[in-house]
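> Got a predicted structure here, sequence first:
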Amino acid sequence: VQLQASGGGLVQAGGSLRLSCVTSGRTFSYYDMAWFRQAPGKEREFVAAIMLDGGRTNYVDSMKGRFTISAAMAKSTLYLQMSSLKPEDTAIYYCAARDGPATTYTIWGRGTLVTVSS
C-alpha cells in the first residue's frame with residue numbers, strides 16, 4: 001500500500017495550490033483520509049480529513065474557508081485545494097489514511113513541500 005503526494009511547490013502569498021495523493025496497492029476503501037503538515041522546527045499538525053463513505057469533512061479552524069479537501073473515488077486520489085496561502089502555510093504536507101475511527105493514521109505518504117513566499 002502506497003500513498004504518493006504531489007503538487008507542492010513555491011507560490012507567492014495569496015496564491016493557490018492543489019495537492020494530490022494517489023493511492024496504490026489496495027482499493028480506495030479506507031475509513032477516512034487526511035492531510036497533515038509539518039513546518040520547519042514544528043511538530044506535525046492535522047490539516048483536514050474526509051470520510052470516504054459519505055464525504056464528511058473536518059478541518060482545523062484556522063484553515064476553514066481557505067483549504068478544501070476532496071476525494072475522487074474513481075481515481076483513488078485525495079486532494080487538498082489551498083487558496084489565499086500565507087507564509088505560515090509553508091510546510092511539508094503529508095497525506096494519510098486509516099481503517100477506522102478509533103485507530104490512528106497508519107498509512108502515510110512521503111510528503112510534498114509547499115513554500116509560500118511573502
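Structure's in. What do you need?
> List the buried residues of stretch 54-73.
Neighbour-count burial for stretch 54-73, counted by 16 or more other C-beta atoms under 10 Å, picks out 57, 59, 63, 67-69, 71. In short, each C-beta sits where N, CA and C put it, glycine included.
> Residue 13 contacts residue 88, correct?
No - in this structure, residue 13 is not within contact of residue 88 by C-beta atoms under 8 Å, at 9.6 Å.
> Between those two, which contacts overlap?
Shared contacts of residue 13 and residue 88 (C-beta atoms under 8 Å, 6 or more residues apart in numbering): residue 116.
> List the residues that contact the residue lying farthest from the centre of the chain.
Seen from the C-alpha centroid of the chain, the residue lying at the greatest distance (C-alpha atoms, centre = their mean) is residue 118, 22.4 Å away. Remark: with contacts taken as C-beta under 8 Å, 6+ apart, residue 118 is in contact with 13, 87.
> hey, what's the most centrally placed residue in the chain bridged with?
The centroid of the chain falls nearest to residue 35 when counting by C-alpha atoms, centre = their mean (2.7 Å). With DSSP bridges applied, the residues forming beta bridges to residue 35 are residue 48, residue 95.
> and the gap between it and residue 10?
19 Å (C-beta to C-beta, to the nearest Å).
> With residue 81 instead?
17 Å.
> measure residue 71 to residue 98 for me?
With C-beta to C-beta as the criterion, residue 71 and residue 98 are 14 Å apart.
> any common contacting residues for these two?
Joint contacts of residue 71 and residue 98 (C-beta under 8 Å, 6+ apart) are residue 33.
> Strands along the protein, start to end?
For the chain, the strands defined by DSSP state E occupy 2-6, 9-12, 17-24, 32-38, 45-51, 57-59, 67-72, 77-82, 91-98, 107-108, 112-117.
> Kindly reformat these as CSV containing mean pLDDT.
Compiled in CSV, the strands of the chain are given as follows (pLDDT from 0 to 100):
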stretch, mean pLDDT
strand 2-6, 93
strand 9-12, 97
strand 17-24, 95
strand 32-38, 97
strand 45-51, 96
strand 57-59, 96
strand 67-72, 96
strand 77-82, 97
strand 91-98, 96
strand 107-108, 93
strand 112-117, 98
